[in-house]
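Participant: Generate a structure from the sequence data that follows.
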Amino acid sequence: KALGCKTVVGLPFKDIATIDAYLLREVPSESAAEARQTIKRMQDVAIHPIVPAAVLQATPLPGAIPLMTLAEAAAAPHQSRL
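Facilitator: Numbers count the residues shown, from 1 in each chain. Next up is the predicted model:
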């Protein structure tokens, strides 16, 4: 609710006043099932975490948006989608 989410039957519901993304400086461990389930439920309604790229490399989180500088992005290997 602090992020602007309303809830319907205990699940987040996105409307015009809801955030689109939030900064998550640390990713919950694999054993933190409740925290990961909450993140997944928010992703299901298109509210995605932005996580520092180095943190995502150490602790992957499907659907998270990597946060990096322009220099880091330019230096990253690119994959062709042709």
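Participant: residue ranges of the strands in the chain, please?
Facilitator: 6-8, 11-13, 21-23, 48-52, 65-67 (DSSP state E).
Participant: Compile those strands into TSV and extend it with columns for distance to Thr38.
Facilitator: All C-beta atoms are positioned from the backbone trio N, CA, C, and that covers glycine. Output for these, formatted as TSV (distance: least, Cβ to Cβ, whole Å):
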stretch	distance to Thr38
strand 6-8	12
strand 11-13	9
strand 21-23	12
strand 48-52	11
strand 65-67	17
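Participant: Which of these sits closest to Thr59?
Facilitator: strand 48-52 (8.5 Å; Cβ to Cβ).
Participant: what's the spacing between Pro60 and Pro28?
Facilitator: Applying Cβ to Cβ, to the nearest Å, the value for Pro60 to Pro28 is 12 Å.
Participant: Neighbour count for those two, which is higher?
Facilitator: Pro28 (16 against 11; other Cβ atoms under 10 Å).
Participant: hang on, that one packs against Gln37?
Facilitator: No - between Pro28 and Gln37 there is no contact under Cβ atoms under 8 Å: 9.7 Å.
Participant: Can you name the residues bridging to Pro52?
Facilitator: Leu67 (DSSP bridges).
Participant: so it makes contact with Leu67?
Facilitator: Yes - using Cβ under 8 Å, Pro52 is in contact with Leu67, at 4.9 Å.
Participant: number of nearby residues for the spatially closest residue to Gly63 that is not a sequence neighbour?
Facilitator: Spatial nearest neighbour of Gly63, excluding adjacent residues (Cβ to Cβ, 6 or more residues apart in numbering): Gln43 at 4.7 Å. Using other Cβ under 10 Å as the criterion, Gln43 is surrounded by 16 other residues.
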